[in-house]
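K.L.:
Pasting a predicted model and its sequence here:
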Amino acid sequence: MMSFTRIIVPAILAATVATPVLAATPSPLPRVKRVVNLSCIQKAVEKRENALIAAFDAYAASMKTAFTTRRNALKEAWNKTDRVERNAAIRTAWDAFRTSRRNTRSIFHNTRKNAWNTFRAERRACRIADSVDDTAGEATDAQI
C-alpha cells in the first residue's frame, strides 16, 4: 500500500499541474507554401546531364582509341621474331594501355565531379533543398 501511494499520488499531482500548461500552449503557425522555381532547377538538371553525356562520350572515344592503339601495338609485337624484343614490345603495349586507361578514367571522374558540383551550386541558387534522389543519383553516376 505504501508503494502505491508513493508512485500514484505524485503521478496524479504531476498530471494535474501539467494539464493547464499543455492546454495553454499556442497552436503552431500555419505553414506557408514555398514557391519552387521549376524552370531554374530544370535548366540546372539539363546542364548537369548534358555535361555528363559529353563526359561519357569523351571517355568512350578515348577508350576506343586506347583499345585500337593497344591492338595495333600487340599485333606489331607479335610480328617480331626475336622473343626478347617481342616480350618487351608486348609489355610496352600493355603499359601504354594501362596509362591511357588510368588517365581517361581520371579525366572522366573529374569531369563528372565538376558537373555535380556545378549542379549543387545552381540548385542552391534556385533555392531548392537537397534531395535524396540527387544524392542517390550522384552515387549511381560514381559507379560508371
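P.N.:
Arrived safely, thanks for sending.
K.L.:
Was I right to think residue 59 contacts residue 106?
P.N.:
No - taking contacts as CB atoms under 8 Å, residue 59 lies outside contact range of residue 106: 10.4 Å. Glycine gets a C-beta too; all of them are placed from N, C-alpha and C.
K.L.:
on contacts alone, who are the packing partners of the longest helix belonging to the chain?
P.N.:
Using DSSP state H, we find that the single longest helix of the chain is helix 83-125. Here helix 83-125 touches helix 38-77, helix 132-142, going by 3 or more CB pairs under 8 Å, 6 or more residues apart in numbering; DSSP states H and E.
K.L.:
Kindly recompute the last result at 7 Å.
P.N.:
Contact here means 3 or more CB pairs under 7 Å, 6 or more residues apart in numbering; DSSP states H and E; on that basis helix 83-125 packs against helix 38-77.
K.L.:
Now do stretch 45-63: distance to the chain's middle.
P.N.:
15 Å (CA atoms, centre = their mean, to the nearest Å).
K.L.:
Can you list the neighbours in contact with it?
P.N.:
Under the criterion CB atoms under 7 Å, 6 or more residues apart in numbering, residues 101, 104, 108, 111-112, 115-116, 118-119, 141 lie in contact with stretch 45-63.
K.L.:
C-alpha coordinates for it, CSV please?
P.N.:
Coordinates of each C-alpha in stretch 45-63 appear next as CSV, following Å, rounded to 0.1, in the frame of the first residue of the first chain:
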residue,chain,number,x,y,z
VAL,A,45,19.4,19.4,-64.4
GLU,A,46,19.7,19.8,-68.1
LYS,A,47,23.1,21.4,-67.8
ARG,A,48,24.3,18.6,-65.5
GLU,A,49,23.0,15.8,-67.7
ASN,A,50,24.5,17.3,-70.9
ALA,A,51,27.9,17.6,-69.1
LEU,A,52,27.7,14.0,-68.0
ILE,A,53,26.7,12.8,-71.5
ALA,A,54,29.6,14.8,-73.1
ALA,A,55,32.0,13.4,-70.5
PHE,A,56,30.9,9.9,-71.2
ASP,A,57,31.2,10.4,-75.0
ALA,A,58,34.7,11.7,-74.5
TYR,A,59,35.5,8.8,-72.2
ALA,A,60,34.2,6.3,-74.7
ALA,A,61,36.1,7.9,-77.6
SER,A,62,39.3,7.9,-75.6
MET,A,63,38.9,4.3,-74.5
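K.L.:
Thank you, goodbye.
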